[in-house]
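**Q** turn this into a structure:
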Amino acid sequence: MSTTVRDNPEKNRFEIIVDDKVAGWEDYRLGDGVIDLVHTEIGEEYAGQGLAKILVVDVLAQVRERGLSVKPYCPYVRRVIDKDQESYLDLVRPEDRAEFDLPAA
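**A** Model prediction:
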């Protein structure tokens, strides 16, 4: 199984591609220096394969490369950030963290 995560700006989402098929996506709203990650979805036929985690981790890496901050409105994205704060907490601006029940530092 080969996976790729790509931005699809026309649909305002990142897509995870598995063997040339869209298996899921992360919907977003892009603002000035900030990206709101609002919903993660994996197709039913791809459930239980760890694709949501692969998608979110790759999205966070791409966001970091672009120099954007994250607002994790999607509960799954928030959990990924919370579980690995050392890797991802810095992507959420300190002034936004309380809104998402994330620690100040």
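
**Q** can you map out the helices along this structure?
**A** 51-66, 75-83, 85-88, 94-97 (DSSP state H).

**Q** and of these, who's closest to Ala105?
**A** Across the helices of the chain, Ala105 has its closest neighbour in helix 94-97 (7.3 Å, C-beta to C-beta). The C-beta positions use only the backbone N, C-alpha and C, and glycine is treated the same way.

**Q** helices or strands up against the closest one?
**A** Helices and strands in packing contact with helix 94-97 are not found; criterion 3 or more C-beta pairs under 8 Å, 6 or more residues apart in numbering; DSSP states H and E.

**Q** in that helix, what's buried?
**A** Counting neighbours by 16 or more other C-beta atoms under 10 Å, one finds that the buried residues in helix 94-97 are Arg97.

**Q** centroid residue for the protein?
**A** Nearest to the geometric centre of the chain sits Val56, at 3.8 Å (C-alpha atoms, centre = their mean).

**Q** now do the same contact list for the residue nearest to that residue when sequence neighbours are not counted.
**A** What sits nearest to Val56 in space, not counting adjacent residues and going by C-beta to C-beta, 6 or more residues apart in numbering, is Val80, at 4.9 Å. Residues counted as contacts of Val80 (C-beta atoms under 8 Å, 6 or more residues apart in numbering) are 53, 56-57, 60, 88.

**Q** of those, buried ones?
**A** When the contacts of Val80 are checked for burial by 16+ other C-beta under 10 Å, the buried set is 56, 60, 88.

**Q** picking that back up, now do the residue nearest to the centre of the chain, the pLDDT please.
**A** As predicted, Val56 sits at a pLDDT of 98.

**Q** done for today, thanks.
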